[in-house]
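*Asks:* just the structure for this:
(chains A and B)
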Amino acid sequence: MRLSPAVRVSRYFMPTMRHDPSEAQIVSHRLMLRAGMIRQESAGIYSWLPLGFRVLKKIEQIVREEQDRIGAHEILMPTIQSADLWKKSGRYDDYGKEMLRIEDRHEREMLYGPTNEEMITSIFGDHAKSYKNVPLMMYHIQWKFRDEIRPRFGIMRGREFLMKDGYSFDLDAESGRKSYNKQFLAYLRTYARMGLKAIPMAADTGPIGGDLSHEFIILAETGESEVFCDKALLEFDLTKTAIDMDDADAVQAMVDKVTGPYAATDEQHDQTAFEAEVPEDRRVTARGIEVGHIFFFGDKYSKPFDAKLTTADGEQVLVQSGSYGVGVSRLLGGIIEASHDESGIIWPESVAPFKVALINLRQGDEGCDGVCEDLYAKFQEAGVEVIYDDRDDRAGVKFSDMDLIGVPWQVIVGPKGVKGGFVELKNRKTGDREELPADAALAKLAE
RNA sequence: CGGGGCGUAGCGCAGCCUGGUAGCGCAUCUGCUUUGGGAGCAGAGGGUCGUCUGUUCGAAUCAGACCGCCCCGACCA
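*Replies:* Numbering: from 1, shown residues only, chains lettered A, B, ... in the order given. As a prediction, the model looks like this:
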């Protein structure tokens, strides 16, 4: 989806706040409200304002690209589902009060979907009948609703949230593992592209057993659970390694490499094993935020939905499946928790709402206006997303707002610079500034 | 759902105890002066005090019920 390439702050809807709203406790919630990215509509339910929407879409797009890269196909299933589907799997009763149940005008039982295993299994099962139809992966990025007992932390644990959920379909468990592995690596790439260090941790596999369930955790002080891992995992960078996703052995080797070192959430943690496996100086104990969960569940859903495939030998077997979730909206909060300072958000360039903030320090000054308008047009021509602060306001207001919303680069145009033939380029993250001619700044940012 | 707290202008809050014309800071609008890190002066607009019921001559203030929101706990992408 295409986002507008450039906006003027004077014509934008960006209700920034100078003070912290009293209801926000954690950093990401406070900053998202202050930056005018979201607005709470109800407990755990938010409207996405222009700035927040842009970031949400950028994150969504990265998730999408990495799913496409491993050959998963995007679909879109509805938010509202029929209770019948869930009665078939038995989860209509199991899910309890977290499921938002509604009734239509004909008094049919419906629900706002908390996830889509039932639906995708019935879609697949109705149309795929042969071993020739697999392996197959499909995913969608859709709003979900879980009626949390106590929503909190803003977007991090809302009731309505945007989630990518993917599903794999295979003829047997061995092939299923290959699909699982592909998703595993896709997840590492996805998070890395957002500037996050996500650590896969073995998760509870429930009644199915096996080793095919991982939670992806990013480290942040405000994390909901305590996690323990080998420091080696923090130093590993998958994006630096080229790998052929169709080479099952290479993929497995990579997964083994990343799952080798000790890593566990408090639920799975074994202190004795931790101390035995990891030298003291490499033991990391921190708090983590779960931003993804992948799970191979075999025939758990294919059985009730009777989703069977005919093998090459003419036998009927239940399809083997897994599901792969990414909390897309939660990631905004996660990224902010991991990347901010006293002044506000520091977006990694890959998800930043704009790459450049163009700041006119003297709106109405012929020279400043001229340089800014010229740069504004040229950034657009160069395909650089730019937000131009053209408000007739004090410099301090603009500096603060642009720092707050976390745009990676600021191009500052003031009367002194205009006279001297230069603009100032500031890096939001490092705070480094340099003075250089406008053309040079343009060239540097257009790279 | 248990425990705690809050609801007064867009945001942050005071007023409530002890009932009597609804206030402050920031933000907004107008004018002048300012102009490289959230300006100064002067003026202006903005409120069914969460809702309902009661007590009272009179309720933001007292009582009851309800609704909403926040925090702690059990639960979760």
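
*Asks:* does the top strand by length along chain A reach RNA strand B?
*Replies:* The longest strand of chain A (DSSP state E) is strand A:283-298. Yes. Using C-beta under 7 Å from any atom of the strand, strand A:283-298 reaches RNA strand B at A:290-293. (C-beta placed from N, C-alpha, C; glycine too.)

*Asks:* once you drop chain neighbours, what's closest to residue A:277?
*Replies:* If the residues on either side of it in the chain are set aside, residue A:277 comes closest to residue A:262, at 4.7 Å by C-beta to C-beta, 6 or more residues apart in numbering.

*Asks:* how close does that neighbour sit to residue A:282?
*Replies:* Residue A:262 sits 9 Å away from residue A:282, going by C-beta to C-beta, to the nearest Å.

*Asks:* look at the two and report which has more neighbours.
*Replies:* Set residue A:262 next to residue A:282 and count neighbours by other C-beta atoms under 10 Å: residue A:262 wins out with 23 against 16.

*Asks:* from residue A:93, how far out is the more buried one?
*Replies:* Using C-beta to C-beta, residue A:262 is found at 38 Å from residue A:93.

*Asks:* can you check residue A:322 too?
*Replies:* 24 Å.

*Asks:* please identify which of the two sits among more neighbours.
*Replies:* More crowded of residue A:322 and residue A:93, by other C-beta under 10 Å: residue A:322, with 24 against 9.

*Asks:* what comes into contact with stretch A:136-143?
*Replies:* Here stretch A:136-143 makes contact (C-beta atoms under 8 Å, 6 or more residues apart in numbering) with A:60, A:63-64, A:67, A:70-77, A:79, A:113, A:116, A:120, A:124, A:128, A:160-170, A:179, A:182-183, A:324, A:328.

*Asks:* residues touching the residue nearest to residue A:277, list them.
*Replies:* Counting by C-beta under 8 Å, 6+ apart, residue A:262 touches A:228-230, A:273-274, A:277-278.

*Asks:* try it again with 7 Å
*Replies:* Going by C-beta atoms under 7 Å, 6 or more residues apart in numbering, residue A:262 touches A:229-230, A:273-274, A:277-278.

*Asks:* could you do residue A:214 as well?
*Replies:* Residue A:214 is in contact with A:184, A:200-203, A:294, counting by C-beta under 7 Å, 6+ apart.

*Asks:* and the pLDDT for it?
*Replies:* Per-residue pLDDT puts residue A:214 at 93.

*Asks:* swap in residue A:287?
*Replies:* You'll see residue A:287 listed with a pLDDT of 88.

*Asks:* give me the phi and psi for residue A:324.
*Replies:* Residue A:324 has phi and psi values of phi -140, psi 110 when expressed as degrees, to the nearest 10.

*Asks:* near RNA strand B, which residues of the stretch 1-150 of chain A?
*Replies:* So the stretch 1-150 of chain A meets RNA strand B at A:16-23, A:25, A:40, A:42-44, A:98, A:146, A:148-150 (C-beta under 7 Å from any atom of the strand).

*Asks:* which of those residues are buried? Put it as a ChimeraX command.
*Replies:* Buried members of these, defined by 16 or more other C-beta atoms under 10 Å, are picked up in ChimeraX with:
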select /A:16,40,44,146
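
*Asks:* of the residues of the stretch 1-150 of chain A next to RNA strand B, which belong to strands?
*Replies:* A:40, A:42.

*Asks:* pLDDT score for residue A:219?
*Replies:* In the predicted model, residue A:219 carries a pLDDT score of 89.

*Asks:* what sits against it?
*Replies:* Residue A:219 is in contact with A:197, A:286, A:288, counting by C-beta under 7 Å, 6+ apart.

*Asks:* which elements pack onto the longest strand of chain A?
*Replies:* Here strand A:283-298 touches helix A:173-193, strand A:213-219, strand A:225-230, strand A:320-327, helix A:328-338, going by 3 or more C-beta pairs under 7 Å, 6 or more residues apart in numbering; DSSP states H and E.

*Asks:* can you tell me which of those the model trusts least?
*Replies:* Ranked by mean pLDDT, the helices and strands packed on strand A:283-298 bottom out at strand A:225-230, with a mean of 89.

*Asks:* extract the C-alpha set from it and format it as CSV.
*Replies:* The C-alpha coordinates for strand A:225-230 follow below in CSV (Å, rounded to 0.1, in the frame of the first residue of the first chain):
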residue,chain,number,x,y,z
SER,A,225,8.0,-11.8,31.6
GLU,A,226,11.5,-12.6,32.8
VAL,A,227,13.7,-14.3,30.3
PHE,A,228,17.1,-16.1,30.4
CYS,A,229,19.5,-16.6,27.6
ASP,A,230,23.0,-17.0,26.3
